[in-house]
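Visitor: When you get a sec, could you give me coordinates for this:
(chains A, B, C and D)
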Protein chains: 2
Amino acid sequence: MGLSYAEENYLKAILKLSGSPDWIVSTNAIAAQLETSAASVTDMLKKLSDKELITYQRYKGASLTHEGQRTATTLVRKHRLWEVFLVQSLGMTWDEVHEIAEELEHIQSDRLIDRLDNFLGHPKFDPHGDPIPNAQGKYTLRAQVPLSDLKPGQEGVVIGVKEDETSFLKHLNDKGLTLGKSIKILTNDDYDNTLRLLVDDLELNLAGKVARNIMIKPT
Amino acid sequence: MGLSYAEENYLKAILKLSGSPDWIVSTNAIAAQLETSAASVTDMLKKLSDKELITYQRYKGASLTHEGQRTATTLVRKHRLWEVFLVQSLGMTWDEVHEIAEELEHIQSDRLIDRLDNFLGHPKFDPHGDPIPNAQGKYTLRAQVPLSDLKPGQEGVVIGVKEDETSFLKHLNDKGLTLGKSIKILTNDDYDNTLRLLVDDLELNLAGKVARNIMIKPT
DNA sequence: GCTCAAATTTAGATTAATCTAAAAATAATT
DNA sequence: AATTATTTTTAGATTAATCTAAATTTGAGC
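Guide: Numbering: from 1, shown residues only, chains lettered A, B, ... in the order given. Have a look, this model is predicted:
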């Protein structure tokens, strides 16, 4: 029952866009997510529906079936386990692993993933702070808030980002704002949408737009 | 300059069939190697020729250009490094890693391969005993002879196999004839094409056909 | 050197994934 | 509710990789 890369990518996109389990996702939303045309999405939705991986109604939208959800979650699991491997074992930086994991997640072998999981010590979170589903598709949610929500005086640790864009991650790296860094809020101004914080005893300015995409575990 | 999986597989096949560097490989030989039709091969040879990865003359055959050779050797390097990882780090058996490495070798990232190589300690040989090209495409040849060539009384170590078929490798595993095992020849009969040897103080019978595919480093 | 068999290439189709442009359905606005 | 705007689907093409069947070239044997 091997799926093509394209089919797998569509399933992942639908999972990502389904906030709650059986959210109905629109054709256009999927097209935007995958940077493709709405017409292509329609074609693929029909195919995935035939394979009973999604339920789909013309002009209405799509949602994952149980089987589709299982498949998509497995892909997320693979993606995040590979990211852990790339960072932890190979010493790559968290801003360069996403694209490689995007390819690695399509490698077909359940046994490989089980062994990789075992080798890595069954990690619960990936280098971006996102939870890794276990072999049964269950995962723990971590208490996390956007940096932008913190008040002056509050402290915490960087545990993830919401954006996957390489350029964004690189930007953070350059600022010294890497995973695991402890931070303390100095000011968080609602008016000019700007935030000052302390990282490694250095003062740093961030735009509200950026701060909204950085996830913090308060301490 | 990203090549498709298909293009990469053709280059690898041509490299495998080119005993010496600029051997000319026939269309049919490639078709047999890749289990595809001769017509498909012709189509692809034209394309690879356009990309200057092979030199190709209608009805005559193909051989790799420098660039094609470099690309194909890189693929072999990736394949073998991944096999080392799967066996050494993940504890998989040498008979199950080939197919997975066949997928992993197509992952695009030079940096990934360099880091993997580093992580594994720059291994010179893969679990089948085949040499791993370095980043410059050079590799050491190991002194090795087919088991079938050994004379009674000779001893050696299993360092590889010539066949990549999973079923064949599984067969050897079942017999206890795994990589690194020390063996000693008892008889090697030219008439009935049968060979008796000692592995772990156990006597074992092998057909000449099988023995010809097992590589030994004499001690 | 001719003939015939084998090897190789061409011709014409097929499948998967994609595109643009046009048509149809749904939703929003007055 | 009628009209307009947005979203989604259909229609028709395109590209990559493949196939089968027919045509062509090569070269081996007489």
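Visitor: From now on I want contacts and neighbour counts done on CA atoms only, so please keep to that.
Guide: Noted.
Visitor: tell me which residues of the longest helix anywhere in chain A are tucked away?
Guide: If you go by DSSP state H, chain A has its longest helix at helix A:66-84. Residues A:68-84 are the ones in helix A:66-84 that count as buried (16 or more other Cα atoms under 10 Å in any protein chain shown).
Visitor: Ok, stretch A:40-54 next?
Guide: Buried-residue list, stretch A:40-54, by 16+ other Cα under 10 Å: A:41-42, A:45-46, A:48-49, A:53-54.
Visitor: Same list, these, but as TSV with distance to residue A:11 please.
Guide: Putting the buried residues of stretch A:40-54 into TSV (distance: Cα to Cα, whole Å) gives the following:
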residue	distance to residue A:11
A:41	11
A:42	13
A:45	10
A:46	13
A:48	9
A:49	11
A:53	8
A:54	8
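Visitor: Skip the chain neighbours and tell me the closest residue to residue A:162.
Guide: With sequence-adjacent residues excluded and distances taken as Cα to Cα, 6 or more residues apart in numbering or on different chains, residue A:162 is closest to residue A:213, at 4.9 Å.
Visitor: Over to residue A:114?
Guide: In space, residue A:114 is closest to residue A:135, 7.7 Å off (Cα to Cα, 6+ apart).
Visitor: Residue A:25 touches residue A:62, doesn't it?
Guide: Yes. Contact criterion Cα atoms under 8 Å: residue A:25 and residue A:62 qualify, at 5.2 Å.
Visitor: More neighbours: which of those two?
Guide: Neighbour count, other Cα atoms under 10 Å in any protein chain shown: between residue A:25 and residue A:62, residue A:62 has more, with 24 against 21.
Visitor: So which residues on chain A come close to DNA strand C?
Guide: Where chain A comes near DNA strand C, counting by Cα under 7 Å from any atom of the strand, the residues are A:4-7, A:35-40, A:43-44, A:59-60.
Visitor: got these as TSV, with pLDDT columns?
Guide: As requested, these are arranged in TSV below (pLDDT from 0 to 100):
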residue	pLDDT
A:4	97
A:5	97
A:6	98
A:7	98
A:35	96
A:36	97
A:37	97
A:38	97
A:39	97
A:40	98
A:43	97
A:44	98
A:59	95
A:60	94
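Visitor: In terms of distance to residue A:156, which of those residues ranks first?
Guide: residue A:35 (34.9 Å; Cα to Cα).
Visitor: Let me know how buried the closest one is, in neighbour terms.
Guide: 10.
Visitor: Mind checking which of the buried residues of stretch A:40-54 are in strands?
Guide: Among the buried residues of stretch A:40-54, the members falling in strands are residue A:54 (criterion: DSSP state E).
Visitor: In helices, which of the buried residues of stretch A:40-54 appear?
Guide: A:41-42, A:45-46, A:48-49.
Visitor: C-alpha coordinates for the least confident helix or strand in chain A by mean pLDDT, PDB please?
Guide: Least confident element among the helices and strands of chain A, by mean pLDDT, DSSP states H and E: helix A:166-175 (a mean of 76). What follows is helix A:166-175 as a C-alpha-only set of coordinates in PDB (Å, rounded to 0.1, in the frame of the first residue of the first chain):
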ATOM      1  CA  THR A 166      14.800  28.200   7.000                       C
ATOM      2  CA  SER A 167      15.400  31.900   6.700                       C
ATOM      3  CA  PHE A 168      13.500  32.600   9.900                       C
ATOM      4  CA  LEU A 169      15.400  30.000  11.900                       C
ATOM      5  CA  LYS A 170      18.700  31.300  10.600                       C
ATOM      6  CA  HIS A 171      17.700  34.800  11.700                       C
ATOM      7  CA  LEU A 172      17.100  33.500  15.200                       C
ATOM      8  CA  ASN A 173      20.400  31.600  15.300                       C
ATOM      9  CA  ASP A 174      22.200  34.800  14.300                       C
ATOM     10  CA  LYS A 175      20.600  36.600  17.200                       C
END
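Visitor: what does chain A put close to chain B?
Guide: A:89-91, A:100, A:103-104, A:107-109, A:115-116, A:119 (Cα under 8 Å from any Cα of the partner chain).
Visitor: In a markdown table: those, plus pLDDT.
Guide: Output for the residues of chain A next to chain B, formatted as a markdown table (pLDDT from 0 to 100):
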| residue | pLDDT |
| --- | --- |
| A:89 | 97 |
| A:90 | 97 |
| A:91 | 95 |
| A:100 | 97 |
| A:103 | 97 |
| A:104 | 98 |
| A:107 | 97 |
| A:108 | 94 |
| A:109 | 96 |
| A:115 | 98 |
| A:116 | 98 |
| A:119 | 98 |
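Visitor: Let me know the closest of those residues to residue B:191.
Guide: Using Cα to Cα, the residues of chain A next to chain B come closest to residue B:191 at residue A:109, 44.0 Å.
Visitor: farthest residue from the center of chain A?
Guide: residue A:191 (29.9 Å; Cα atoms, centre = their mean).
Visitor: any idea how far it lies from residue A:204?
Guide: Using Cα to Cα, to the nearest Å, residue A:191 is found at 18 Å from residue A:204.
Visitor: what's the spacing between residue A:129 and residue A:162?
Guide: Residue A:129 is 9 Å from residue A:162, by Cα to Cα.
Visitor: hmm, back to that, need the residues touching each of residue A:25 and residue A:62.
Guide: residue A:14 (Cα atoms under 8 Å, 6 or more residues apart in numbering or on different chains).
Visitor: before we move on, the earlier item: and the residues of chain A next to chain B as a markdown table, adding distance to residue A:217 and secondary structure?
Guide: Formatted as a markdown table, the residues of chain A next to chain B follow (distance: Cα to Cα, whole Å; DSSP: H, G, I helix; E, B strand; the rest coil):
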| residue | distance to residue A:217 | secondary structure |
| --- | --- | --- |
| A:89 | 24 | helix |
| A:90 | 26 | coil |
| A:91 | 24 | coil |
| A:100 | 27 | helix |
| A:103 | 30 | helix |
| A:104 | 29 | helix |
| A:107 | 33 | coil |
| A:108 | 34 | coil |
| A:109 | 34 | coil |
| A:115 | 30 | helix |
| A:116 | 27 | helix |
| A:119 | 27 | helix |
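Visitor: I'd like those residues laid out as TSV, including neighbour count.
Guide: Below are these laid out as TSV (neighbours: other Cα atoms under 10 Å in any protein chain shown):
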residue	neighbour count
A:89	14
A:90	19
A:91	14
A:100	17
A:103	16
A:104	21
A:107	18
A:108	16
A:109	10
A:115	17
A:116	21
A:119	15
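Visitor: Closest one of these to residue A:186?
Guide: residue A:91 (32.2 Å).
Visitor: and the gap between the closest residue to the closest one other than its chain neighbours and DNA strand D?
Guide: Distances taken as Cα to Cα, 6+ apart place residue B:115 nearest to residue A:91, at 7.7 Å, with adjacent residues excluded. To DNA strand D, residue B:115 is 28 Å away according to Cα to the nearest atom of the strand, to the nearest Å.
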